[in-house]
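[1] Sharing a model that was predicted from the sequence below.
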Amino acid sequence: MNFHPSRRHLLQTGAAAGALGFLSKIPLLGVEEVKLDPDQVQFRPEIEPLIRLLEETPRERLLEEVAGRIKTGTTYREILSALLLAGVRNIQPRPVGFKFHAVLVVNSAHLASLNSPDSDRWLPIFWALDYFKSSQARDIQEGDWTMASVRESEVPSSAKARQLFAEGMDHWDEEKVDAATAGLARAAGAQEVFDLFVKYGARDFRDIGHKAIYVANSWRTLQAIGWKHSEPVLRSLGYALLQHTGSNPAESSHEADLPGRLNDKLQKDIRGDWQRGEVKKEATTEMLAVLRNGTWEDASRKVVELLNKKVSPQSLWDGLFQHASEMLMRKPGIISLHASTTTNALHYAHQNTFNDETRKFLLLQNAAFLTMFRDRGGIKEGVAIDQFEPVEGVPNIEDIFAEITGNKETAAKKALAYLKSTKDPKPFMREAQRLIYLKGTGSHDYKFSSAVLEDYHNISPQMRDRFLAASVFWLQGSGKKDTNLVARTRAAMG
């Protein structure tokens, strides 16, 4: 494929960053600083200097250098663009996780920034900048992968790109997918490309949901920074979606592929007007029961059964969201956390694809995947999200977040009591978000908090309090020390 490991030193490798123009706002660099490697992918000339700044500045000086650029006119959008593209160029998207979280987390940091008060707006982005440098260093240690330029002679015409992309994906052919992706980025519209990628991002259970997460987060970030930067991002995404080990999945029957193959058939059995239905709490309870105890096939067939009984898809999503949160309550950890972030990504894709078959497929896959998360994490028994009770009285916000540091189950009961009594989730959400960027140290802190605070609005109102209260099992407590990056960012920004 047109991605190769590089042996260049850290200060000579490129991390692609995208800035949306306004080169005049970025201080000029010397000739040697902007000399380009013809073998690695290059970005638009107005953004390349800023990307190289992120790539080449040592970690211990990057925040201060970026703060200086901001003070002289570099915009938030330019920094966000450069951050995404630097990660795409410098960090191998295989496996789709681990160090590649530097790319996956950009949208989550952006959402956190949007939800922050003006005084703290830069904190999530500066955290992500520092995290990129950490991941870049790890990538160098593991082989120094760098995205190469596309082979122009193999890029198909716009008329052939879509067909070749599907053929390449179906046969797990890296070379064909890379060339077809470049053709799509240059000729197709954003919605058409999203509809193509989103189904392939959800077709298999490898990398515990990170493929679907990358599809959703990359598309969302491109909407913020501009489709003009799409080609390298989509090439990285195509390469990531073809991640597998062992024999070619097109010629094998790996467990990770089985739900997708069945669900591609089952979606055809769903009634034509499936999105018209009645919201029924008992249907949600029925869906939850299968997710707790059934197989992935049981879960998929239950989705078909309920939809054909004219149950609204919302009732099924209510069950999926609740089950993902319940697993986190029962056994907090990386597996259960990704049940929530994957459900967030698949629901977002479900809501934003224009393809009706893909929309049904995503719902079926999400149900199947949750049982696979459950089995992989060994999560069988424990608290039921639809049954745990609040504490007596009305705790205040400070009590809840102080309790998280010591006893998360008690914190959840206090949060439920608070939310039921006040009927206003905004103070809880604001404090949860504030503590993430003050005390969060890992990509999962940002990914989870952004997902759960968004999904609060995607679940039926009568279930929202319990769903949000359950989130304390991965939120930050107030007793934890602020990260060093907070003071450093504030000092850099003056």
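    Sure, I can see it.

[2] from here on, contacts and neighbour counts on C-alpha atoms
    Will do.

[3] Which other helices and strands does the helix or strand residue 429 falls within contact?
    Applying DSSP states H and E as the criterion places residue 429 in helix 426-439. Here helix 426-439 touches helix 123-141, helix 397-406, helix 443-455, going by 3 or more CA pairs under 8 Å, 6 or more residues apart in numbering; DSSP states H and E.

[4] Can you add mean pLDDT, distance to residue 230 and mean neighbour count and give these back as a markdown table?
    Supplementary listing: these in a markdown table, determined by pLDDT from 0 to 100; distance: least, CA to CA, whole Å; neighbours: other CA atoms under 10 Å:
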| stretch | mean pLDDT | distance to residue 230 | mean neighbour count |
| --- | --- | --- | --- |
| helix 123-141 | 97 | 19 | 22 |
| helix 397-406 | 95 | 40 | 18 |
| helix 443-455 | 96 | 22 | 21 |
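
[5] out of the ones you listed, nearest to residue 149?
    Across those, residue 149 has its closest neighbour in helix 123-141 (18.9 Å, CA to CA).

[6] average pLDDT for the helix holding residue 429?
    Mean per-residue pLDDT for helix 426-439: 96.

[7] Helices along the stretch 151-300 of the chain, start to end?
    In the stretch 151-300 of the chain, the segments counted as helices under DSSP state H, counting those that start in this stretch are 158-171, 174-187, 190-201, 210-225, 230-241, 258-266, 281-293, 296-308.

[8] Any idea how far the longest one is from the middle of the chain?
    The one in question is helix 210-225. Centre-to-centre, helix 210-225 and its host chain are 7 Å apart (CA atoms, centre = their mean, to the nearest Å).

[9] Give me the contact list for it.
    18-20, 77-78, 80-81, 96-97, 104-108, 194, 197-198, 201-202, 229-230, 233, 237, 240-241, 341-342, 345-346, 348-349 (CA atoms under 8 Å, 6 or more residues apart in numbering).

[10] in the biggest helix by length in the chain, what's buried?
    Assignment by DSSP state H gives helix 356-376 as the longest helix of the chain. By neighbour count on 16 or more other CA atoms under 10 Å, the buried set for helix 356-376 is 358-375.

[11] shaky segments in the stretch 1-150 of the chain?
    Residue ranges of the stretch 1-150 of the chain with pLDDT under 70: 1-39.

[12] residue ranges of the helices in it, please?
    Using DSSP H, counting those that start in this stretch, the helices of the stretch 1-150 of the chain run over 48-56, 59-71, 76-90, 101-104, 106-114, 123-141.

[13] Can you check which of these gets nearest to residue 179?
    Using CA to CA, the helices of the stretch 1-150 of the chain put helix 76-90 closest to residue 179, at 16.7 Å.

[14] List every C-alpha atom in the closest one, with coordinates, as CSV.
    The C-alpha trace of helix 76-90 is given here as CSV (Å, rounded to 0.1, in the frame of the first residue of the first chain):
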residue,chain,number,x,y,z
TYR,A,76,-8.6,28.0,16.4
ARG,A,77,-9.7,26.4,13.2
GLU,A,78,-6.2,26.4,11.8
ILE,A,79,-4.8,24.8,15.0
LEU,A,80,-7.6,22.2,14.9
SER,A,81,-6.9,21.4,11.2
ALA,A,82,-3.1,21.1,11.8
LEU,A,83,-3.6,18.9,14.8
LEU,A,84,-5.8,16.4,12.8
LEU,A,85,-3.6,16.3,9.8
ALA,A,86,-0.3,16.0,11.8
GLY,A,87,-1.7,12.9,13.4
VAL,A,88,-2.9,11.5,10.1
ARG,A,89,0.5,11.9,8.5
ASN,A,90,2.7,10.7,11.4
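
[15] Contact partners for residue 266?
    Shown in contact with residue 266 (CA under 8 Å, 6+ apart): 301, 304.

[16] Return the list of helices and strands in contact with the longest helix of the chain.
    Counting contacts by 3+ CA pairs under 8 Å, 6+ apart, helix 356-376 packs against helix 190-201, helix 258-266, helix 281-293, helix 296-308, helix 313-330, helix 334-352.

[17] tell me the angle of the second one relative to helix 356-376?
    Computed by axes from the mean of the first three to the mean of the last three CA atoms, to 10 degrees, the angle separating helix 258-266 from helix 356-376 equals 150 degrees.
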